[in-house]
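J.: got a predicted model here, sequence first, then my questions.
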Amino acid sequence: MQRIHLMEQCLDRATKAVADMEKALADYQAALPDIAMLSAYLNSDERRRDLADDERGLLPHDLKRGVLSEDGIWNLLERDNELRQEIQQLLNQNTNA
């Protein structure tokens, strides 16, 4: 009985984790075009123009402007790269097991 109870707990946790991962993966796949656009925007002439316009006070004060912060986009792209590496390591571990 204890083993069955333990295995049921394992099944419940694993089922939830897999369902959560399916949702996260779908969300991530949907965000890939956004990540690509941000990557291209980071060092673009358009961003430099947007930044210059902001510095000249040409943009509305209430406009959200996180994309004009180099760190915001760069941190996202760096974390994306780190996560890709973690996923690859996880896949390699399971392949070698």
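T.: Perfect, thanks for sending it. Numbers count the residues shown, from 1 in each chain.

J.: would you map the helices across this protein?
T.: 2-42, 45-55, 70-96 (DSSP state H).

J.: just give me the residue closest to the centre of the protein.
T.: Taking C-alpha atoms, centre = their mean as the criterion, residue 80 is the residue nearest the geometric centre of the chain, at 5.1 Å.

J.: and that one, how far from residue 10?
T.: Separation of residue 80 from residue 10 (C-beta to C-beta, to the nearest Å) stands at 31 Å. Quick note: C-beta positions are derived from backbone N, CA and C, even for glycine.

J.: likewise for residue 37?
T.: In terms of C-beta to C-beta, residue 37 sits 41 Å off from residue 10.

J.: what about residue 95, distance to residue 19?
T.: Residue 95 is 23 Å from residue 19, by C-beta to C-beta.

J.: out of those two, which sits in the busier spot?
T.: Neighbour comparison, residue 95 and residue 19: the larger count goes to residue 19, with 10 against 7 (by other C-beta atoms under 10 Å).

J.: give the contact list for the residue nearest to the centre of the chain.
T.: residue 35 (C-beta atoms under 8 Å, 6 or more residues apart in numbering).

J.: can you report how many residues lie near residue 31?
T.: 13.

J.: same thing with residue 77?
T.: Neighbour count of residue 77, defined by other C-beta under 10 Å: 14.

J.: the one 4 residues further on too?
T.: Residue 81: 10 surrounding residues under other C-beta under 10 Å.

J.: mind listing what's buried along stretch 75-93?
T.: 76, 80 (16 or more other C-beta atoms under 10 Å).

J.: now do residue 95, the pLDDT please.
T.: Looking at residue 95, its pLDDT reads 75.

J.: now do residue 70
T.: For residue 70, the model assigns a pLDDT of 81.

J.: I'd like the numbering to begin with 2 instead of 1 from here.
T.: Yep, numbering from 2; the last one is residue 71 now.

J.: distance of it relative to residue 78?
T.: As judged by C-beta to C-beta, residue 71 and residue 78 stand 11 Å apart.

J.: between these two, which contacts overlap?
T.: residue 43.
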